[in-house]
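*Asks:* give me a 3D structure for the following:
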Amino acid sequence: MDAVEKYLKHLHDIRASGDATDETSYYTALNNLFDEIGKELKPRVRCVLQLKNRGAGHPDGGLYTPDQFQKLSDQEPLAGQKPSRGAIEVKPTSDDAWVTADSGQVSKYWKQYGQVLITNYRDFVLLGRDSEGKAVKLASYRIAPDEKTFWKVTGHPQKTAREVGERFVEFLKLAMLSPAILSAPRDVAWVLAYYAREAKFRVEAQPGLSALSTVREALEQALGLKFEGAKGEHFFRSTLVQTLFYGIFSAWVLWSKQHQPTSKEKFDWKLAQWSLRVPMIRVLFEQVATPGKLGPLGLVEVLDWTAATLNRVDRASFFAAFQEQAAVQYFYEPFLEAFDPDLRKALGVWYTPLEVVQYMVARADAVLRQELGVADGLADKNVFVLDASCGTGTYLVEVLKTILATLKAKGSGALAGHHLKQAAMDRVFGFEILPAPFVISHLQLGLLLQNIEAPLAEDGSERVAVYLTNSLTGWEPPKGPKQHLIFPEMEAERDAAETVKQHPKILVVIGNPPYNAFAGVSPAEEEGLVEPYKKGLNTEWGIKKFNLDDLYVRFFRLAERRIAEKTGRGVVSYISNFSYLGDPSFAVMRRRFLGEFNKLWFDSMNGDSRETGKLTPDGKPDPSVFSTDANREGIRVGTAVSVMVKDGGVVTNPQVRYRDFWGLRNAQICSTV
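*Replies:* Numbering: from 1, shown residues only. As a prediction, this is how the structure comes out:
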């Protein structure tokens, strides 16, 4: 029985005795609920009821952290403390918690304790401070709309807990964390994810809103796909909320770079759109984040709460821990895990370890120099690089860092920053289909340039070459006239992406292609990509059943076609599912690689759960290379790093090199270039 179910059952049993008072008889149930939820937090939070008068009256309770309790000894208890996580005011179920929150008595408690959680057992209202230090309702949660309904649902505690439990528990955790100064990126991500879930709940409660329909149609046009069915609808609305919150988070990060932590000026989310330098994402943000659109969605209140949270972050501590080159690990991944874990799993959003990224980029740089005769490697101004599924931009950041190191080694001096910015704008390309990570990628690359004192123009006239697009379509000019899109900014984004797809001679394709498809209906052009890998499987190889539907296979075909067929020379380096290395379904795919590339290196990282149970040949643990502290198992499929080179000549005797890495030896790959 979980905490919420116990709470509801306890209340019901007390009332059933017939001897309960309207308020105080139920204190024990409330106390137990707070303690059960509080013990999951770090530091743990505990409830104490019936507090002393500290000058503002007797609050019904308070929320305390472990440092406020005297350790076991014969010393006197700690004196004169205020509950560090705020006071609690309790009223009978017949009272209105919102009216109580505005009462003079609660105002006295708020002035004394800084935060008050008001409840009538069925409603919970959190009264705290806004960015200017004024009283504001930071969040609220309602189990039932009135007293009669509440007592009815307590008679079915398991069913009610199943319906309200998750959101209710998250609200209580937020209430217990709110007075704390936030400094750890993961804590900030968690609190923002709570508000994002509340925003998504409100958005989903407005099924036919015209503002959403317009944005939906615009995104479908821009990406060339359809959001259909329940999964498509969920994906669209979740993506919309993510984009809104990442836009605000990105704007706050950029704002923080311009305002010292000691500054008294406060961040205003309403100005966030002015920090988003990409016109396409700005117009998407504006369509949702303008007062006329936010009013019907009920999001103004939620975003005010979000700004208040960001304004109480200890920015000095936050940015000391927030490594900008790993924003996905420090913010995006924990945010998505807390906001929508099912979508995170469905999309295959996994943090690629920085060591793996560095290894792959270093290999690409070395191969350009050693195999293709490009003396400056990635720094050569004629080397065009593409990450066709760039996510939050981790590979692109590492490519730019490698370029910068070469420029400095060659003595470019003060011009290094200028040359790097030109590379980021003109020849280091990224494609991404999800708006939220797209925002983070622009943030990461923009911060990199800002940190080397080569920032993008503040008037929006400059941008890095990362585009919101479906990577798997648009590589050939349309046969008929182009479709005009609803928003000119989105049309310009599409056209710019297609220019990259059709014109530059891309020499390096690198990255971590997605493992799972997004919830949309793709065009025939995308589905037909893998047809060359199916040709002859049945008639020539006798393989009647085959599986070539994994999304990463399409990205391999994209890279093969771009390098081997279009440019005629270059490098492909992916970390992906390793099935293509030995599964019979990929026989034609492997043969094509041998016919197209002169040299092929494959580093199998293993870590597969299906074939080996994530065990090494000698029975020791074989975790995924994607394992992190937050996700120790990593992904379930085995993975491999590939490097395939076409030197421009005829392929007559391709060289293939293969290595196996097991268990902890996976880490060794990062030191072998």
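*Asks:* enumerate every residue touching the closest residue to His58 other than its chain neighbours.
*Replies:* Once flanking residues are discounted, His58 sits nearest to Leu51: 6.3 Å by Cβ to Cβ, 6 or more residues apart in numbering. All C-beta spots, glycine's among them, are computed from the backbone N, C-alpha and C. The contact partners of Leu51, by Cβ atoms under 8 Å, 6 or more residues apart in numbering, come to 58-62, 83, 87.
*Asks:* His503 now?
*Replies:* His503 neighbours (Cβ under 8 Å, 6+ apart): none.
*Asks:* could you do Gly155 as well?
*Replies:* Gly155 sits in contact with His12, where contact means Cβ under 8 Å, 6+ apart.
*Asks:* follow-up on the earlier one: quick one, phi psi at the residue nearest to His58?
*Replies:* phi -90, psi 160 (degrees, to the nearest 10).
*Asks:* please report how far the nearest residue to His418 once chain neighbours are set aside lies from Val439.
*Replies:* Nearest residue to His418, sequence neighbours excluded (Cβ to Cβ, 6+ apart): Ala454, at 6.1 Å. Relative to Val439, Ala454 is positioned 21 Å away (Cβ to Cβ, to the nearest Å).
*Asks:* ok, these two, which is more surrounded?
*Replies:* A direct count of neighbours by other Cβ atoms under 10 Å for Ala454 and Val439 places Val439 higher, at 30 against 19.
*Asks:* which element follows the strand or helix carrying that one toward the C-terminus?
*Replies:* According to DSSP states H and E, Val439 maps onto helix 435-451. Scanning forward in sequence from helix 435-451 by DSSP H and E, the next helix or strand is strand 466-468.
*Asks:* packing partners of that following strand?
*Replies:* Secondary-structure packing of strand 466-468 (3 or more Cβ pairs under 8 Å, 6 or more residues apart in numbering; DSSP states H and E): strand 428-432, helix 435-451, helix 488-502.
*Asks:* between the ones you listed, which gets nearest to Pro617?
*Replies:* helix 435-451 (36.6 Å; Cβ to Cβ).
*Asks:* averaged pLDDT, the closest one. What do you get?
*Replies:* In this model, helix 435-451 carries a mean pLDDT of 86.
*Asks:* isn't Leu400 up against Asn451?
*Replies:* No. Assessed by Cβ atoms under 8 Å, Leu400 is found out of contact with Asn451, at 11.1 Å.
*Asks:* settle it for me: which of these two has more neighbours?
*Replies:* Neighbours were counted for Leu400 and for Asn451 using other Cβ under 10 Å; Leu400 has more, 26 against 12.
*Asks:* just how off-centre is the helix or strand harbouring the more buried one within its chain?
*Replies:* In the assignment (DSSP H and E), Leu400 maps to helix 394-409. From the chain centre to the centre of helix 394-409 is a distance of 24 Å (Cα atoms, centre = their mean, to the nearest Å).
*Asks:* what comes up buried for that helix?
*Replies:* Neighbour counts using 16 or more other Cβ atoms under 10 Å place 394-404, 406-407 of helix 394-409 among the buried residues.
*Asks:* where is pLDDT lowest across those residues?
*Replies:* Lowest pLDDT among those: Thr394, 90.
*Asks:* look up how far Glu398 lies from Asn32.
*Replies:* From Asn32 to Glu398 the distance is 50 Å (Cβ to Cβ).
*Asks:* and Lys534, by the same measure?
*Replies:* Distance from Lys534 to Glu398, by Cβ to Cβ: 34 Å.
*Asks:* burial count for Leu447?
*Replies:* As a measure of burial, Leu447 has 19 neighbours, counting by other Cβ under 10 Å.
*Asks:* got it, and Pro43?
*Replies:* By the criterion of other Cβ under 10 Å, Pro43 has 14 neighbours.
*Asks:* mind listing what Asp340 touches?
*Replies:* 197, 200, 238, 242.
*Asks:* with pLDDT and secondary structure as added columns, please give the residues you listed in JSON lines.
*Replies:* Below are the contacts of Asp340 laid out as JSON lines (pLDDT from 0 to 100; DSSP: H, G, I helix; E, B strand; the rest coil):
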{"residue": "Arg197", "pLDDT": "85", "secondary structure": "helix"}
{"residue": "Lys200", "pLDDT": "85", "secondary structure": "helix"}
{"residue": "Ser238", "pLDDT": "82", "secondary structure": "helix"}
{"residue": "Gln242", "pLDDT": "84", "secondary structure": "helix"}
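*Asks:* that older thread, what's the first helix or strand after the helix holding Leu400?
*Replies:* helix 415-426.
*Asks:* not counting its own residues, what contacts that following helix?
*Replies:* 379, 381, 396, 400, 403-404, 407-408, 412, 445, 448-449, 452-454, 456, 462-465.
*Asks:* number of nearby residues for the nearest residue to Pro435 once chain neighbours are set aside?
*Replies:* Leaving aside its sequence neighbours, Pro435 sits nearest to Thr243 (Cβ to Cβ, 6+ apart; 4.2 Å). Counted with other Cβ under 10 Å, residues neighbouring Thr243 total 23.
*Asks:* and Thr243, how close does it get to Val530?
*Replies:* Relative to Val530, and taking Cβ to Cβ, Thr243 is found at 30 Å.
*Asks:* swap in Leu594?
*Replies:* 18 Å.
*Asks:* more neighbours, these two?
*Replies:* When neighbours are counted by other Cβ under 10 Å, Val530 comes out ahead of the other of Leu594 and Val530, with 17 against 14.
*Asks:* that one reaches Arg554, doesn't it?
*Replies:* Yes. Here Val530 reaches Arg554: they are 5.8 Å apart, a contact under Cβ under 8 Å.
*Asks:* next one, pLDDT for the residue nearest to His58 please.
*Replies:* 86.
*Asks:* poorly predicted segments of the stretch 251-400 of the chain, please.
*Replies:* Applying pLDDT under 70 to the stretch 251-400 of the chain flags residues 273-277, 288-295, 323-330, 343-351.
*Asks:* all strands for it, in order.
*Replies:* Using DSSP state E, counting those that start in this stretch, the strands of the stretch 251-400 of the chain run over 384-387.
*Asks:* find the nearest non-adjacent residue to Met280, please.
*Replies:* Nearest non-adjacent residue to Met280 (Cβ to Cβ, 6+ apart): Glu493, at 3.7 Å.
*Asks:* what's across from Leu63 in the sheet?
*Replies:* Cys47 (DSSP bridges).
*Asks:* please tell me how far it sits from Leu244.
*Replies:* 30 Å.
*Asks:* so for these two, which residue has more residues nearby?
*Replies:* Shown here are Leu63 and Leu244; by other Cβ under 10 Å, Leu244 has more neighbours (29 against 26).
*Asks:* mind checking which helix or strand that one is in?
*Replies:* Element membership for Leu244 (DSSP H and E) is helix 229-258.
*Asks:* report all helices and strands that that helix contacts.
*Replies:* Here helix 229-258 touches helix 185-204, helix 210-223, helix 279-288, helix 300-310, helix 333-339, helix 341-347, helix 435-451, going by 3+ Cβ pairs under 8 Å, 6+ apart.
*Asks:* can you say which of those helices is nearest to Asp95?
*Replies:* Across the helices and strands packed on helix 229-258, closest to Asp95 is helix 300-310 (Cβ to Cβ), at 22.4 Å.
*Asks:* can I get that closest one as CSV, trimmed to CA atoms?
*Replies:* Extracted C-alpha coordinates of helix 300-310, given in CSV (Å, rounded to 0.1, in the frame of the first residue of the first chain):
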residue,chain,number,x,y,z
VAL,A,300,0.7,31.9,-17.3
GLU,A,301,0.5,30.8,-13.7
VAL,A,302,2.7,27.8,-14.3
LEU,A,303,5.3,29.8,-16.1
ASP,A,304,5.3,32.4,-13.3
TRP,A,305,6.0,29.6,-10.9
THR,A,306,8.9,28.4,-13.2
ALA,A,307,10.4,31.9,-13.2
ALA,A,308,10.2,32.1,-9.4
THR,A,309,12.0,28.8,-9.2
LEU,A,310,14.8,29.9,-11.5
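*Asks:* kind regards, and thank you for your time.
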